[in-house]
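Trainee: curious how this folds, go ahead:
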Amino acid sequence: QVQLQESGPGLVKPSQTLSLTCTVSGGSITTSYYAWSWIRQPPGKGLEWMGVIRYDDSTYYSPSLKSRTSISRDTSKNQFPLHLSSVTPEDTAVYYCARRSVVGAYDYWGQGAQVTVSS
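Mentor: Residues are numbered from 1 along each chain as shown. The predicted structure is shown next:
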């Protein structure tokens, strides 16, 4: 059974960098052909896809967030961190990591991490 767990600070100040880590257990992030995504949900709004890192270490980002977003991986720890720079209160959201299966469906999700951007 694959499990994902987000971790990181729950409060970030404006203009700083938001950093979260997704730790995966029960499966390797290098297994073909899975992809590992970050998705967020601002309060009162729908889900917003932020970006993905694939099994082959390739990355893709939402055009609206591309200039501020970085997703990497640590294969020794089976983790894929998210970094979002120059945050504003509009970046306040629940942040999820999720696995995208071979057929394109998100089949495993983390429980979500609330991050608030406030001074």
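Trainee: identify the residue spatially nearest to residue 72, adjacent ones excluded.
Mentor: residue 81 (5.7 Å; Cβ to Cβ, 6 or more residues apart in numbering). Using the backbone N, CA and C atoms, a C-beta is placed for each residue, glycine as well.
Trainee: wait, I meant residue 77
Mentor: Nearest residue to residue 77, sequence neighbours excluded (Cβ to Cβ, 6+ apart): residue 23, at 7.1 Å.
Trainee: check which helix or strand covers that neighbour.
Mentor: Secondary structure assigned from DSSP states H and E places residue 23 in strand 18-25.
Trainee: average pLDDT for that strand?
Mentor: The average pLDDT within strand 18-25 is 98.
Trainee: neighbouring contacts of it?
Mentor: 2-9, 12, 36, 38, 77-85, 87, 91, 95, 97, 99, 110, 113, 115, 117 (Cβ atoms under 8 Å, 6 or more residues apart in numbering).
Trainee: so which of those residues are in strands?
Mentor: Among the contacts of strand 18-25, the members found in strands (DSSP state E) are 3-7, 12, 36, 38, 79-84, 95, 97, 99, 113, 115, 117.
Trainee: need the contact list for the residue nearest the centre of the chain.
Mentor: Computing the C-alpha centroid of the chain and ranking residues by Cα atoms, centre = their mean puts residue 38 first, at 2.7 Å. Residue 38 is in contact with 20, 22, 49-52, 69, 71, 82, 95-98, counting by Cβ under 8 Å, 6+ apart.
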